[in-house]
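> A predicted structure for the sequence below; I have some questions about it.
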Amino acid sequence: GKDTLIIYNWGDYIDPDIIASFEEESGYKVIYETFDSNEAMYTKIKQGGTKYDIAVPSDYTIEKMIEEDLL
């Protein structure tokens, strides 16, 4: 929804307390999904059906995703 932020990031990258503080201060609900490898993240995004507001791949994967118009 309009007041929801969907984030796809490395596991254990952001402390859950920070997410809770952000939600309280901003009024946004955060849906936080994690991955354990660039390859897993890339495959999920490439397959489609996912709508992330923020994804945090490593630099070499960003280049590949730009070339394939996935960002």
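That came through, no problem.
> least confident secondary structure element in this structure?
helix 59-67 (a mean of 91; mean pLDDT, DSSP states H and E).
> tell me the buried residues in that one?
61, 65 (16 or more other Cβ atoms under 10 Å). Every C-beta, even on glycine, is put in place using the N, C-alpha and C of the backbone.
> which residues touch that helix?
38, 41-42, 45, 57, 71 (Cβ atoms under 8 Å, 6 or more residues apart in numbering).
> give me the buried subset of the residues you listed.
For the contacts of helix 59-67, buried by 16+ other Cβ under 10 Å: 38, 41-42, 45, 57.
> and those, which two are the farthest apart?
Asn38 and Ile45 (10.5 Å; Cβ to Cβ).
> quick one: the strands in the chain?
Listed in chain order, the strands of the chain (DSSP state E) span 4-10, 29-35, 54-55.
> right, and the ones you listed - which one's nearest Ser21?
Smallest distance to Ser21 across the strands of the chain (Cβ to Cβ): 10.4 Å, for strand 29-35.
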